[in-house]
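>>> Following is a predicted model, sequence given first.
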Protein chains: 2
Amino acid sequence: MGLAVRVRLDLAYDGTDFAGWQAQPDRDTVQGRIEAAVGRLYRQAPGQRTPVVGAGRTDAGVHAEGQVAHFDAPAAIPLAGIRAGLNALLPGSIRVLAAAEAAPDFHARFGAAGKTYRYHLLTDAVVSPLRSRYAWPVGDGLSREALEEAAAALTGRHDFRAFFAARPGEEPETPVRNVVAARFVEAGNELIFEVTADGFLRYMVRRMVGTLVAIGRGQLPSDRVAEMLRDPGASGPRFRAPAAGLRLYRVHY
Amino acid sequence: MGLAVRVRLDLAYDGTDFAGWQAQPDRDTVQGRIEAAVGRLYRQAPGQRTPVVGAGRTDAGVHAEGQVAHFDAPAAIPLAGIRAGLNALLPGSIRVLAAAEAAPDFHARFGAAGKTYRYHLLTDAVVSPLRSRYAWPVGDGLSREALEEAAAALTGRHDFRAFFAARPGEEPETPVRNVVAARFVEAGNELIFEVTADGFLRYMVRRMVGTLVAIGRGQLPSDRVAEMLRDPGASGPRFRAPAAGLRLYRVHY
């Protein structure tokens, strides 16, 4: 099997009931579910495992509309059969949107040039329970102008350490990222924060949104974002938006 | 307490995890949750119960965007406090959208002149898991023309027995209803069946939608709706759409 085909998967999932993307022992994760489905699709022996590499390691409760992953097919299956076959083996909360043959050197994670995340806010006074599973209800008291001004301050190449939280024991990585776009989009009665960067630190989007909403509510001064980027080590309150509102929207190659 | 105030509640709920509206022993129901919240709000003794009367008894798994209910307040609480108080005591899956004083003879159920239900269909080839909790994924192979023609045939005063299923031991009620509007509305990538009638029989909307979708797929001839209305006792296949796609949308007084 020297010539295994590399398969690219485009994925969407409802992260509510998963302990995030990354496979962990005794936890229900998206990667774990997909690797199990791949194993069954290719009739692998119980001990065998085909690694499925994702572009981004979304945290517990975070959703995806456009996650990308790859794996090396252990046997030849027509591509049309992979999507349908995996979807038949996966729970309804994880869907393979597309399966395609990728170049042998395609790498979902290291090949990604950037990602776009979307964070959904609900600004109704009372929020419909049919909307709150995938959004953060923040009430109707936000200053839209303050939000937009603060979002604009996030763009550019900065040290984003003030928007980062390391996993226990995690090596600190370079905290510099290039945010190429950060803006608010209105869609129905949702206000969506859309941010694109060459990469994201852990909790970076949720800390951005937590800070922006605090500014929109007047809990923080509107120049707080610029201050956090200028002096990332300075103390000050930290805000983190809940996982439910966040979606990995697109991966750019 | 001869002058108890009658309170009207406008409600929305995610019905996924409830055994329907109606309170039942040892089952988690919407009415049961609301009556428990009312009891706590008014600090009633454990044995006491203030009945909360709903306009429609939605089935297990069915949602509501505009359910209406009433109860007689056992004590005076400012109206503004009722909505916030109940929402603090209810799970996030049930929300009181509004609480208002009603006329003493207002009756949520018997006073309703009609109701509008909406049934959400997803017509994408592969359905996002962020959408399937509140809609029925039916694929992209439906004939829109056949759907609309069959929906139009539902309007008018008819014997809807062919779209009805009695509860075990339930007395058969008059099966004649007046459907004043039945149409499809497009919203984003959803196709919504919206139906308004003076009243609905059990499973009536879900059987309507199941039949319409079967017609749209070519599994049933397009005149099947007219036939079921003309000869409600005739045998033939019965289709019922899943609960998740259905929402009680409005109650008309």
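In hand now; what should we look at?
>>> Does A:E35 belong to a helix, a strand or coil?
helix (DSSP: H, G, I helix; E, B strand; the rest coil).
>>> Run through the neighbouring helices and strands of the helix or strand hosting A:R207.
For A:R207, the host element (DSSP states H and E) is helix A:204-216. For helix A:204-216, the packing partners by 3 or more C-beta pairs under 8 Å, 6 or more residues apart in numbering or on different chains; DSSP states H and E come out as strand A:114-122, helix A:144-152, strand A:190-197, helix A:224-230, strand A:246-252. The way it works is simple: take the backbone N, C-alpha and C, and place the C-beta from them, glycine included.
>>> Tell me what angle that helix forms with helix A:144-152.
150 degrees (axes from the mean of the first three to the mean of the last three C-alpha atoms, to 10 degrees).
>>> could you check whether stretch A:39-55 is close to chain B?
No - figure legend: stretch A:39-55 not in contact with chain B (C-beta under 8 Å from any C-beta of the partner chain); closest approach 15.8 Å.
>>> ok, and for that stretch, which residues are buried?
A:G39, A:L41, A:Y42, A:Q44, A:T50, A:V52, A:V53, A:G54, A:A55 (16 or more other C-beta atoms under 10 Å in any protein chain shown).
>>> Let's see which of the residues you listed end up in strands.
The strands, defined by DSSP state E, take in A:V53, A:G54 from the buried residues of stretch A:39-55.
>>> Include pLDDT when you put the buried residues of stretch A:39-55 into TSV, please.
Shown next, in TSV, are those (pLDDT from 0 to 100):
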residue	pLDDT
A:G39	95
A:L41	95
A:Y42	93
A:Q44	91
A:T50	93
A:V52	98
A:V53	98
A:G54	98
A:A55	97
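>>> And the buried residues of stretch A:39-55, which two are furthest apart?
Checked with C-beta to C-beta, the buried residues of stretch A:39-55 reach their widest spread between A:Q44 and A:A55, with 23.6 Å between them.
>>> Identify the residues contacting the residue of the stretch 151-253 of chain A found nearest chain B.
Closest approach between the stretch 151-253 of chain A and chain B, counting by C-beta to the nearest C-beta: A:R247, at 7.4 Å. A:R247 makes contact with A:V62, A:H63, A:A64, A:E65, A:Y117, A:R118, A:Y119, A:H120, A:Y134, B:L130, according to C-beta atoms under 8 Å, 6 or more residues apart in numbering or on different chains.
>>> neighbours around the nearest residue to it once chain neighbours are set aside, how many?
Nearest residue to A:R247, sequence neighbours excluded (C-beta to C-beta, 6 or more residues apart in numbering or on different chains): A:H63, at 4.5 Å. Number of residues near A:H63 (other C-beta atoms under 10 Å in any protein chain shown) recorded here: 27.
>>> correct me, but A:H63 touches A:R133?
No - applying C-beta atoms under 8 Å, one finds A:H63 not in contact with A:R133, separated by 9.2 Å.
>>> Find residues that contact each of those two.
A:D14, A:T16, A:A244.
>>> Give me the buried positions along the biggest strand by length in chain A.
Determined from DSSP E, the single longest strand within chain A is strand A:176-187. Neighbour-count burial for strand A:176-187, counted by 16+ other C-beta under 10 Å, picks out A:R177, A:V179, A:A182, A:F184.
>>> List phi and psi for the residue in the stretch 101-250 of chain A positioned nearest to chain B.
Nearest residue of the stretch 101-250 of chain A to chain B, counting by C-beta to the nearest C-beta: A:P129, 4.4 Å away. Per-residue torsions, A:P129: phi -70, psi -10 (degrees, to the nearest 10).
>>> Next up, the contacts around the nearest residue to it once chain neighbours are set aside.
The shortest distance from A:P129 to any residue other than its chain neighbours is 4.4 Å, reached at B:D14 (C-beta to C-beta, 6+ apart). When the contact criterion is C-beta under 8 Å, 6+ apart, the partners of B:D14 are A:P129, A:L130, A:R133, B:H63, B:S93, B:I94, B:R133, B:Y134.
>>> go with 6 Å
Counting by C-beta atoms under 6 Å, 6 or more residues apart in numbering or on different chains, B:D14 makes contact with A:P129, A:L130, B:H63, B:S93.
>>> How about A:E194?
Contacts of A:E194 by C-beta under 6 Å, 6+ apart are A:R118, A:R183, A:V185.
>>> How about it: which residues does it bridge to?
Bridge pairing for A:E194 (DSSP bridges) gives the partners A:R118, A:R183.
>>> can you check A:A64 too?
Here A:A64 sits in beta bridges with A:Y13, A:L248, as judged by DSSP bridges.
>>> And A:V68, by the same measure?
Beta-bridge partners of A:V68, as defined by DSSP bridges: A:D10.
>>> gap between it and A:T123?
As judged by C-beta to C-beta, to the nearest Å, A:V68 and A:T123 stand 31 Å apart.
>>> neighbour-wise, which of these two wins?
Neighbours per residue, other C-beta under 10 Å: of A:V68 and A:T123, the larger number sits with A:V68, 27 against 18.
>>> Roughly how far does A:A102 sit from A:A23?
Where A:A23 is concerned, A:A102 sits at a distance of 21 Å (C-beta to C-beta).
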